[in-house]
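J.: sharing a model prediction with you, sequence too.
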Amino acid sequence: MTTLEFRNVSKRYRLRGVKEGLLAVDDVSFRLEPGKTVALVGQSGSGKSTIAKLLLQLERPTSGQILLDDKPVERRGRGLRSYRSEVQMVFQDPFASLNPYHDIAHHLARPLRLHGHAQSAAEVEQAVHELLTRVRLTPPGEYAEKRPHELSGGQRQRVAIARALAPRPSILIADEPVSMLDVSIRLGVLNLLALLQRQENLGVLYITHDLATARHFSDEILVMYKGRIVEHGPADEVILNPQHEYTRRLAAAAPNPEERLKHLARP
């Protein structure tokens, strides 16, 4: 039962000519638990992606702690590799995150070998096909031979999800996973993430600016504004009874499909 905790974390960037620098994340705390999806919601520049980088150990916090199962995360060696096998990322742009020179089998085989889940050619092929089947890319042999440019945006993002699952993580960080996709296929990718979260008992951090999808695909919502968490609670409570003015503005701007249907039904 792996848990990941952000405890009073701040991140300040040094800027030339600015004495105090830029405080991108300001004393943020939250906890990711197995089987739960937490949405981190806020506008561009609010600090959401900085939190993702800190969680992935791509950046170091200026202060505070990141804990895995209540133990500080090691930043090098075996400890870091072990952490990265537990915490994986689905990036925003599936085309940019996949190497165009390699086929899909290569993208999935590399993390399988790196984390020791398959070694022989037969083991790797079987594991690659299982991953593609789990993300609904079938027949898997056909997709394994393709390169990223031969797939649609939604298919590429499914490959990215499969790659994130290859190390068998407990925590999945999904940074705006559908914002680069056509509206018509976003729901399918979100439904897939929700299904995998239930099947794998994953803890998921869903980073988004879309309050509507955050409500429907998350158990809890964290609202971030200017580097701080200004509101935190169960998804329905945050959306239906927002306490902070910024949350109220986000909720007012979010589309309400129920109201839209009522409007269309009027004579």
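T.: All right, it came through fine. Predicted model only: the values in this text are computed from it and were never measured. Numbering: from 1, shown residues only.
J.: alpha carbons only for contacts and neighbour counts from here, please
T.: Noted.
J.: other SSEs contacting whatever helix or strand L190 lives in?
T.: Using DSSP states H and E, L190 falls within helix 183-200. For helix 183-200, the packing partners by 3 or more C-alpha pairs under 8 Å, 6 or more residues apart in numbering; DSSP states H and E come out as helix 153-165.
J.: pull the CA atoms of the lengthiest strand in the chain into PDB?
T.: The residue-count maximum for a strand in the chain (DSSP state E) belongs to strand 18-32. Written as PDB, here are the backbone C-alpha positions of strand 18-32 (Å, rounded to 0.1, in the frame of the first residue of the first chain):
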ATOM      1  CA  VAL A  18      15.300  39.500  -9.000                       C
ATOM      2  CA  LYS A  19      16.500  39.300  -5.500                       C
ATOM      3  CA  GLU A  20      13.800  37.100  -4.100                       C
ATOM      4  CA  GLY A  21      13.400  34.900  -7.200                       C
ATOM      5  CA  LEU A  22      10.200  33.300  -8.200                       C
ATOM      6  CA  LEU A  23       8.200  31.300  -5.700                       C
ATOM      7  CA  ALA A  24       6.500  28.700  -7.900                       C
ATOM      8  CA  VAL A  25       5.200  26.400  -5.100                       C
ATOM      9  CA  ASP A  26       4.500  27.800  -1.700                       C
ATOM     10  CA  ASP A  27       4.200  25.500   1.300                       C
ATOM     11  CA  VAL A  28       2.100  22.800  -0.400                       C
ATOM     12  CA  SER A  29       1.000  19.600   1.400                       C
ATOM     13  CA  PHE A  30      -1.200  16.700   0.100                       C
ATOM     14  CA  ARG A  31      -1.200  12.900   0.100                       C
ATOM     15  CA  LEU A  32      -1.700  10.400  -2.600                       C
END
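J.: coming back round to it: list of residues touching the helix holding L190?
T.: 35-37, 135, 154, 157-158, 178-179, 202-204, 217 (C-alpha atoms under 8 Å, 6 or more residues apart in numbering).
J.: ok, now stretch 77-94?
T.: Stretch 77-94 is contacted by residues 56, 68, 73-74, 97, 115, 153, 156-157, 160-161, 164-165, 167-180 when judged by C-alpha under 8 Å, 6+ apart.
J.: buried among these? Make that a ChimeraX selection.
T.: Selecting only the buried entries of the contacts of stretch 77-94 in ChimeraX, with 16 or more other C-alpha atoms under 10 Å as the criterion:
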select :56,68,73,74,115,153,156,157,160,161,164,165,167,168,169,170,171,172,173,174,175,176,177,178
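J.: drop anything exposed from the contacts of helix 183-200.
T.: G35, K36, T37, V135, G154, Q157, R158, V178, L202, G203, V204, F217.
J.: who are the packing partners of the helix or strand containing L112?
T.: Here L112, judged by DSSP H and E, is contained in helix 104-114. Counting by 3+ C-alpha pairs under 8 Å, 6+ apart, the packing neighbours recorded for helix 104-114 are helix 121-134, helix 140-144, helix 153-165.
J.: which one of those helices lies closest to E231?
T.: The closest approach between E231 and any of the helices and strands packed on helix 104-114, judged by C-alpha to C-alpha, belongs to helix 153-165 at 28.8 Å.
J.: which residues does that closest one contact?
T.: Against helix 153-165 from outside (C-alpha under 8 Å, 6+ apart): 88-91, 93-95, 97-98, 104, 107-108, 111, 131-132, 134-137, 148, 172, 177, 180-182, 185-186, 189.
J.: buried set for stretch 65-84?
T.: Q65, I66, L67, L68, V73, E74, S82, Y83, R84.
J.: again but with stretch 110-129, I slipped
T.: Of all the residues in stretch 110-129, those buried under the rule 16+ other C-alpha under 10 Å are R110, P111, L112, R113, H115, A118, V124, E125, A127, V128, H129.
J.: could you do stretch 8-18 as well?
T.: Using 16+ other C-alpha under 10 Å as the test for burial, stretch 8-18 gives N8, V9, S10, K11, R12.
J.: would you point out the most distant pair within those?
T.: N8 and R12 (13.2 Å).
J.: could you name the helices and strands sitting against the helix or strand where N8 lies?
T.: Using DSSP H and E, N8 sits within strand 4-15. Where contact means 3+ C-alpha pairs under 8 Å, 6+ apart, strand 4-15 is packed against strand 18-32, strand 63-68.
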